[in-house]
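Novice: model this:
(2 chains)
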Amino acid sequence: MRLSEQSVQTAAGKKLKSAGVLLVAGLLSVSLVGCSKSIKYGDAAEVETTTTGFGSTDLQQIAAKMVDSVLTFPPVVEITAKRRPVMFVDTIKNKTTEHIDTESITDTISTKLLRSGKFRFVDMTKVAAVKQQLDYQSDSGMVNQNAAMKMGQQVGAEYMLYGNLSSIVKRNSSRKDVYYKFTLKLMHLQSGIVEWSDEKEIRKSKEKSTFGF
Amino acid sequence: MNIMKLSALFSSVVLLAGCATSGIEATGKTEGDPEYAKHLVIHNEPLANAITITDMKSRFKGDLLEVNVVLSNLTSSDKNIQYRFAWYDGDDFEVEQEGRSWIPVVLHGKSSTTMHAVAPNPSVKTYKVNVREL
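Specialist: Numbering: from 1, shown residues only, chains lettered A, B, ... in the order given. This next block holds a predicted model:
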């Protein structure tokens, strides 16, 4: 009788012990999870290496190189010395296998060029909205015609900015290599001459670690 | 004992990670003596012993400041570094503060690389380059 009581007691003790261990493990995991869920602001200028896919650092590097190059190219320096030529940005063709917002790249480039004080831009994405507003000003009868903006007075773009983004991706069992090439060109619209062109190459690689993590 | 060793290892890793944010800082002026060493600020002594700025040149292309800074690796191992330029106008106010991002470069052993940049607009008169190790 006593023996069986003892065995029941030890079994209960073991159960308590294992429950204690479980509780500690649970608390530890909860505290760890708590640590991993912190939200903070980061530096937008920081180098980002989360994946080999096209990222913010690639965009920033491409824009910086292109703007530096066009602003210091001797014929362009000559053109922009006394006046600020008007440009328009055509789309950048995305020839990579990734989904990349190429308009974001051209937005950054055109913003930097505009802020350098060397070029001016016409925005072809807003033509319909401008037309609608000018129609309203001239035809609706609501706007004082002395203060209305007149039709047919816009300045035509002299240069067009256009380009390509292509990539070569290679991989084997342990390594992935991505090569991006961004080409940008500046064409004089009347003569069709390409006044300037430059490329930016980027190589990114990812190696699988020995332990397979 | 093992736990002690592990914690020592972790704290050293944390310390090393802390070092990654600081680096070398050099200021260049467009006028006067190009003695860039005078404007060199070292925040990270081990990095400064491994990497050095060997040349700083600037010129005006049109009215925009163009800068060339040569960085040399004194060690025989490859270094993953990042650099960033900052631009200041004639009154020492920073220009286009958010316009420049860190640029990663692999500096091979016993070799040098040129960091090239152009000022964002004609008001820039002084520049600063920051170099740090990743």
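
Novice: Any stretches of chain B with poor pLDDT?
Specialist: B:1-22, B:30-40 (pLDDT under 70).

Novice: What residues does it have near chain A?
Specialist: B:61-62, B:64, B:66, B:82, B:84, B:96, B:98-104, B:116-118, B:120-122, B:134 (Cβ under 8 Å from any Cβ of the partner chain). In short, each C-beta sits where N, CA and C put it, glycine included.

Novice: among these, which are in strands?
Specialist: B:61, B:64, B:66, B:82, B:84, B:103, B:104, B:116, B:117, B:118 (DSSP state E).

Novice: Now, of the residues you listed, which are buried?
Specialist: Listed as buried from these are B:61, B:64, B:66, B:82, B:84, B:103, B:104, B:117, B:118; burial here means 16 or more other Cβ atoms under 10 Å in any protein chain shown.

Novice: any chance you could map the helices in chain B?
Specialist: B:2-19, B:45-50 (DSSP state H).

Novice: who in chain A is up against chain B?
Specialist: Counting by Cβ under 8 Å from any Cβ, chain A sits next to chain B at A:44-47, A:56-57, A:60-61, A:64, A:67-68, A:71-72, A:77, A:80-81, A:112, A:115-117.

Novice: Quick one: residues contacting the spatially most central residue of chain A.
Specialist: Centroid check for chain A by Cα atoms, centre = their mean gives residue A:56 as the closest residue, at 4.7 Å. Applying Cβ atoms under 8 Å, 6 or more residues apart in numbering or on different chains to residue A:56 gives the contacts A:44, A:48, B:101.

Novice: Tell me the one of the ones in strands among the residues of chain B next to chain A nearest residue B:91?
Specialist: residue B:64 (18.3 Å; Cβ to Cβ).

Novice: hang on, isn't residue B:84 packed against residue B:129?
Specialist: Yes: under the criterion of Cβ atoms under 8 Å, residue B:84 makes contact with residue B:129 at 7.3 Å.

Novice: Give me the subset of the residues of chain A next to chain B lying in helices.
Specialist: A:56, A:57, A:60, A:61, A:64, A:67, A:68, A:71, A:72, A:77, A:112, A:115.

Novice: Pull the most distant pair out of those residues.
Specialist: A:56 and A:77 (29.8 Å).

Novice: Point out where chain A drops to low pLDDT.
Specialist: Across chain A (using pLDDT under 70), the flagged ranges come out as A:1-36, A:210-213.

Novice: And the strands in it, which stretches?
Specialist: Using DSSP E, strands in chain A cover A:86-94, A:120-121, A:159-171, A:175-188, A:194-207.

Novice: mind putting those strands in CSV, mean neighbour count included?
Specialist: Shown next, in CSV, are those (neighbours: other Cβ atoms under 10 Å in any protein chain shown):
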stretch, mean neighbour count
strand A:86-94, 17
strand A:120-121, 16
strand A:159-171, 17
strand A:175-188, 18
strand A:194-207, 14
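
Novice: Format the ones you listed as JSON lines; extra columns: distance to residue B:90.
Specialist: Below are the strands of chain A laid out as JSON lines (distance: least, Cβ to Cβ, whole Å):
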{"stretch": "strand A:86-94", "distance to residue B:90": "29"}
{"stretch": "strand A:120-121", "distance to residue B:90": "25"}
{"stretch": "strand A:159-171", "distance to residue B:90": "31"}
{"stretch": "strand A:175-188", "distance to residue B:90": "30"}
{"stretch": "strand A:194-207", "distance to residue B:90": "29"}
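
Novice: To residue A:108, which of the ones you listed lies closest?
Specialist: Closest among the strands of chain A, using Cβ to Cβ: strand A:86-94, at 11.0 Å.

Novice: Mind listing residues that contact that closest one?
Specialist: A:100, A:102-103, A:105-106, A:109-110, A:113, A:119-124, A:155-165, A:182, A:184, A:186.

Novice: So among the ones in helices among the residues of chain A next to chain B, which ones count as buried?
Specialist: When those are checked against 16+ other Cβ under 10 Å, the ones flagged as buried are A:57, A:60, A:61, A:64, A:67, A:68, A:71, A:72, A:77, A:112.

Novice: Done for today, thanks.
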